[in-house]
Every structure is written in structure tokens, then in C-alpha cells.
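Engineer: pasting a predicted model and its sequence here:
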Amino acid sequence: MKEDRKMNNPAQWVETIIKGFINRSPENTLKNTANDKAWADPLVGFSRGDDPIFQAYKEHVGPFHWTPLEVFNLTFPQFRVEADQLTVISWILPQTEKTKSDLRKETVYPSESWARARIFGEEVNVKLRQHAVATLQASGIEAAAPMLSPSWERKTSERYGFASTWSERHAAYASGLGTFGLCDGLITPRGKAMRCGSVVAHMQISPTARPYQDHQAYCVFFSQGICGRCIQRCPADAITKSGHDKIKCKSYVDVTRNYVTTHFGFEGYGCGFCQTGVPCESRIPEKQE
Ligand code: SF4
Ligand code: SF4
């Protein structure tokens, strides 16, 4: 049965692996006393390993940004594959309604659930990457999670400042899952309050359509010149009509560390005010908003 699904509908098979882990595994937890789930039902998208967009990222982000083939070759130097034999599997992990609601009420420091999602939720995301890789490999499909590669590293982009050798949001954009907002977050059909992940696999799956013409299509500030609610929500003045100041943002996120440790009793941090209490929080905003 599993073999049938894998052969006949590999997209559905992979989606079941990802959704099954998030929706049914006890690993999906904020590790609080209520044992709340870290993430709601995921979205999954696919892009081709030879999609020219990954080459374009080298020009936009920096020459250090990997193509799927580069990730694969770094992980499996013993194999020879062509880029068109690879698929990028990308997923969106939406914040739960409770976590979003908790942060909506705050204006300066993160709520406990939001900070837990940033730390323990990302641990879930790491486990999901490992689970997806292990499940594919157990079926004879070589797979690698770029973010878990020992070669992954932070870089400085001439155009964008803080960057890295693989961007989960760019993989999600390539895989039809959303476009960038004024604050740099990715606006997806489940909104911008989310985290994302990806795996590069030696298998061919039809790519998910990109239902947008440009990389900022879903943000109504760019499409209509309206909104800008994320500017008002940012406690660090890190968002203006000119965009997102990553240095100011990072400095503010660092300031939250002490607050999280003293108020919630674990080492963490978090902000994300630009992701909640805004029209793109949980969906693609309507044009008239
Ligand atoms: S809050 Fe408004 S301006 Fe900011 S990213 Fe969302 S849609 Fe764009
Ligand atoms: S994460 Fe926080 S500091 Fe950074 S842009 Fe968003 S609201 Fe501002």
C-alpha cells in the first residue's frame, strides 16, 4: 500500500510523511505543562532541482547560496545525479491559533508560547527534517536537509546583509508556498506567522505552481500601496516603507533573551510582532485591506 502511494502519487506520499509527523507525533509540542502543539496543519510544496530560480538566487542573494544539486553533491559526493532528477520538498509550519492570539495581546516582549515556538518549535522542525530524510532514505531515496548540513553557514549578502548558504523561505517561495512581505516574512496561504523547512530528495515530483508574478505579490503594501501594519507592530522601528532593517531587528531580538530567561525560565528569545495582529498573519490579505 505504501509502495503503491510512493510509486503512483509521490507528492501525496511525501505530504503524508510531513503532515503525519506534525499532526500525530507527540514530538510536536511546545514542552509546556499543557503540552500544547507547537504547529498547526502544515502546507507542502515542491520545486524542481533544475528550476532556474535557484541559479537566480546566486545573483539575488549571493553566489554562496546553494542550488539543490550543490546541496546533494555536498551530502552524497559518491553519487552522480543531474539537477532534474532532484526535487526540493518545502513545508510551512503555521503557528497555532493560541500562540498567535497570545502574541497579538503583547506589544513589547514575546508571549511565553511564542518564545517556546521559536525554541522548542524549531526543535520540532529539526526533528521533522530528520524524520523526512530518514523516511525517504528507508525507501531507498537519497535525501538531505540543507539546514542540517554541516556545511550550512551564515553569510553576508551584498544586497541583503545577513544571509546563509540555504534559505528556507526562498525554497518555499520557489515551491509555490508564498511571497515576501514588507517585513521580509513569507506570506503564505496560512499567513506569515509560521516557520518553514525543506529537504532535497533524489526523486521527481511535479512542481507546485507558483501562483504569483513577482516575489512581493501577496503584500498589499507593494501591490496597492496600503497597509504597513507591520511597521506599527514592530517595537524596534526596524520596518519602514523602505523595508526591513535586519541589524535593528537582530539587536531587538537579542534584547528579548534576558526577558525570556527571567520570565519563562528557559534560554530563548523571540519577537515576531510583525507576524501577528497584521492582515497577513493567518492568510493572504485581501486586496482592499
Ligand atoms: S502587514 Fe501589511 S505591509 Fe506588512 S507584510 Fe503584511 S500585508 Fe505587507
Ligand atoms: S521580528 Fe520584531 S524586531 Fe524584527 S522586524 Fe519583526 S517586529 Fe520588528
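Structural biologist: Cool, got the structure. Ligands and ions are numbered 1, 2, ... in the order given.
Engineer: need the helices for the stretch 101-250 of the chain, in chain order.
Structural biologist: Assigned by DSSP state H, counting those that start in this stretch, the stretch 101-250 of the chain shows helices spanning 112-116, 122-138, 168-174, 220-224, 229-233, 246-264.
Engineer: so who does residue 124 touch?
Structural biologist: By C-beta atoms under 8 Å, 6 or more residues apart in numbering, the contact set of residue 124 is 22, 27-29, 38-39, 93. Where C-beta positions appear, they are placed from N, C-alpha and C, glycine not excepted.
Engineer: tell me the spacing between the nearest residue to residue 137 once chain neighbours are set aside and ligand 1.
Structural biologist: Among residues not flanking residue 137 along the chain, residue 143 sits closest, at 6.0 Å (C-beta to C-beta, 6 or more residues apart in numbering). Using C-beta to the nearest ligand atom, to the nearest Å, we find residue 143 at a distance of 32 Å from ligand 1.
Engineer: how about residue 114?
Structural biologist: With C-beta to the nearest ligand atom as the criterion, residue 114 and ligand 1 are 17 Å apart.
Engineer: next one: residue 100
Structural biologist: Residue 100 is 14 Å from ligand 1, by C-beta to the nearest ligand atom.
Engineer: let me know the secondary structure of that residue.
Structural biologist: helix (DSSP: H, G, I helix; E, B strand; the rest coil).
Engineer: shift numbering so it begins at 57
Structural biologist: All set: I'll call the first residue 57, so the last point we hit is now residue 156.
Engineer: that one contacts residue 338, correct?
Structural biologist: Yes: between residue 156 and residue 338 there is a contact under C-beta atoms under 8 Å: 6.8 Å.
Engineer: can you flag which of the contacts of residue 180 belong to helices?
Structural biologist: Members of the contacts of residue 180 lying in helices (criterion: DSSP state H): residue 78.
Engineer: in strands only, show me the contacts of residue 180.
Structural biologist: Taking DSSP state E, the ones among those that sit in strands are residue 149.
Engineer: okay, the contacts of residue 180 in a markdown table with distance to residue 170 next?
Structural biologist: Below are the contacts of residue 180 laid out as a markdown table (distance: C-beta to C-beta, whole Å):
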| residue | distance to residue 170 |
| --- | --- |
| 78 | 18 |
| 83 | 19 |
| 84 | 16 |
| 85 | 15 |
| 94 | 11 |
| 95 | 13 |
| 149 | 14 |
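Engineer: check contacts around residue 334.
Structural biologist: Neighbours of residue 334 in contact, by C-beta under 8 Å, 6+ apart: 248, 283, 285-286, 289.
Engineer: kindly report the residues of this structure close to ligand 2.
Structural biologist: 239, 289-290, 292, 294-295, 300, 305, 308, 327-330 (C-beta under 6 Å from any ligand atom).
Engineer: what about 8 Å?
Structural biologist: Counting by C-beta under 8 Å from any ligand atom, the residues of the chain close to ligand 2 are 239-241, 286, 289-295, 300-301, 304-306, 308-309, 327-331.
Engineer: type out the PyMOL command that picks the buried ones from those residues.
Structural biologist: Burial among the residues of the chain next to ligand 2 is assessed by 16 or more other C-beta atoms under 10 Å; the matching PyMOL selection reads:
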select buried, resi 239+240+241+286+289+290+292+294+295+300+301+305+308+309+327+328+329+330+331
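Engineer: also near ligand 1: which of the residues of the chain next to ligand 2, exactly?
Structural biologist: Applying C-beta under 8 Å from any ligand atom to the residues of the chain next to ligand 2, those adjacent to ligand 1 are 239, 241, 286, 289, 295, 330.
Engineer: need the max-distance pair from these.
Structural biologist: 241 and 289 (11.4 Å; C-beta to C-beta).
Engineer: all strands of the chain, in order?
Structural biologist: Under DSSP E, the chain gives strands at 99-104, 143-150, 199-200, 210-213, 217-220, 235-236, 242-243, 250-257, 295-296, 299-300.
Engineer: with mean pLDDT added, can I get these in TSV?
Structural biologist: Shown next, in TSV, are the strands of the chain (pLDDT from 0 to 100):
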stretch	mean pLDDT
strand 99-104	98
strand 143-150	98
strand 199-200	98
strand 210-213	90
strand 217-220	90
strand 235-236	98
strand 242-243	98
strand 250-257	98
strand 295-296	98
strand 299-300	96
